[in-house]
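Asker: Curious how this folds, go ahead:
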Amino acid sequence: MESITFKDVDSNVPIDLNVILADQYETRDIHKVKVFVAILKDKKSISPAIRSLAKLFPIPKDLIHLKRVRNNQQSDTNEIIICKECETSVDQIERKLANSIDYTDLKIVSVPNGPPFNRWQFEKASKLWPVNFFENKEITQRLDGTCISLNDRWTIDSIMRDLVKRSMENNYRDFGAIVDSNFNVLVICGDHIDRHPLRHCPMNLIDLISSLQGGGSWYKKDNQENQSIDGPLSLIMTTDHDPDAYLCTGYDVYLTREPCIMCSMGLLHSRIKRIFFLEEQIKSTTRLKDGCPNDLALSRMKLHTNPDINHRFDVWRVKLKNDC
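Answerer: I've put the predicted structure just below:
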């Protein structure tokens, strides 16, 4: 599958953001299927042919994204789709079309096998055959990156570089932060897998947020006044929060490592809004254990695009252009 390379809004911004969407939105590949096409005698034959074929050869559901007629500018002819090549033979078509439509010849052409989900696919599919395209503006803005402003990109870059610095200062431990919609950093935390194998960075972050809201399992509420909990690895940056908030609803999480399946599901259940993770993971030559395993839960498995989950969130891969 050919992948899409996304261009930054401004080449001067020291960060690249690549959205991770479901495969049908990211691919530029166009799958084809062969169909029988009749070359109509003239333009006057189009309307009667459409009416006749609606009864004789109804368009199947998997081809409703195609327009039935096209004007072939190369041959200056009008062509109309009859049916898939695999469904019948030329002899059967000719018998059915006898005295039904006015055409000069039959031929086989390749057409797009599925509907286009983005503009790139639409432009490529249209070269094969005219297609119906209903553009999803939100998807388009994610693909071209315009949903994140220039100022927001600078802020994202600043937050991510701070996490990289903290990771390097703590033996390359995985680090992360949870940020509200105004880019206020609420909590910062590293992983604690040396204390418990399930205490990955994202799980610690969720627990810290929970402690802000009166819950939490690992961090005691009465320690919030100290701001720094459990040493330099865990920081509650503010005690101001929405008392009616549910965990991470409406918040973003920034991570120096792609979250594993367990952490991704934890973030999903906490109702996270967006996940930003560093594309090039920081590798340690001295640390014996890493945090989240590299199971590619979001970048390859694309857990967040699974139609059976009950919450949707955006996932962005972050690449810092300059070495930290």
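Asker: Would you state the strands of the protein in chain order?
Answerer: Listed in chain order, the strands of the chain (DSSP state E) span 15-19, 32-40, 69-72, 77-84, 103-112, 175-179, 185-190, 228-229, 234-236, 252-255, 274-278, 314-320.
Asker: Sheet partners, orientation included, of the first one?
Answerer: The one in question is strand 15-19. Each strand pairing with strand 15-19, determined using DSSP bridges, is listed with its direction: strand 314-320 (antiparallel).
Asker: looking only at pLDDT, what's the mean for the partner strand?
Answerer: Across strand 314-320, the average pLDDT comes to 95.
Asker: do stretch 280-296 as well
Answerer: 69.
Asker: Quick one: end-to-end distance for that stretch.
Answerer: Looking at stretch 280-296, the gap from its leading to its trailing residue is 13 Å under the measure CA to CA, to the nearest Å.
Asker: ditto for stretch 217-236
Answerer: With CA to CA as the measure, the first residue of stretch 217-236 is 15 Å from its last.
Asker: Please apply the same query to stretch 194-210.
Answerer: End to end - CA to CA - stretch 194-210 spans 22 Å.
Asker: Check which residues of it are buried.
Answerer: Neighbour counts using 16 or more other CB atoms under 10 Å place 199-210 of stretch 194-210 among the buried residues. In short, each C-beta sits where N, CA and C put it, glycine included.
Asker: Return the member of those nearest to residue 170.
Answerer: Nearest to residue 170 among the buried residues of stretch 194-210: residue 201, at 11.2 Å, using CB to CB.
Asker: from memory residue 140 sits against residue 119, does it?
Answerer: Yes: counting by CB atoms under 8 Å, a contact exists between residue 140 and residue 119, whose distance comes to 6.5 Å.
Asker: one step back: rebuild the strands of the chain as JSON lines, extending it with mean neighbour count.
Answerer: Putting the strands of the chain into JSON lines (neighbours: other CB atoms under 10 Å) gives the following:
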{"stretch": "strand 15-19", "mean neighbour count": "21"}
{"stretch": "strand 32-40", "mean neighbour count": "19"}
{"stretch": "strand 69-72", "mean neighbour count": "16"}
{"stretch": "strand 77-84", "mean neighbour count": "20"}
{"stretch": "strand 103-112", "mean neighbour count": "15"}
{"stretch": "strand 175-179", "mean neighbour count": "27"}
{"stretch": "strand 185-190", "mean neighbour count": "24"}
{"stretch": "strand 228-229", "mean neighbour count": "15"}
{"stretch": "strand 234-236", "mean neighbour count": "21"}
{"stretch": "strand 252-255", "mean neighbour count": "25"}
{"stretch": "strand 274-278", "mean neighbour count": "22"}
{"stretch": "strand 314-320", "mean neighbour count": "19"}
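Asker: Quick one: closest of the ones you listed to residue 292.
Answerer: strand 252-255 (8.3 Å).
Asker: which other residues reach the closest one?
Answerer: For strand 252-255, contacts defined as CB atoms under 8 Å, 6 or more residues apart in numbering pick out 156, 159-160, 163, 174-181, 201-202, 205, 267, 272-278, 318.
Asker: which non-adjacent residue is nearest residue 43?
Answerer: residue 78 (6.2 Å; CB to CB, 6 or more residues apart in numbering).
Asker: Okay, now the unreliable bits of the chain?
Answerer: Low-confidence segments of the chain, defined by pLDDT under 70, are located at 1-12, 220-232, 239, 241, 243, 281-290, 323-324.
Asker: what about the helices in it?
Answerer: 23-26, 46-56, 90-97, 119-126, 137-144, 150-169, 201-212, 261-269 (DSSP state H).
Asker: out of those helices, deepest packed?
Answerer: The highest average neighbour count among the helices of the chain, using mean count of other CB atoms under 10 Å, belongs to helix 201-212 at a mean of 26.
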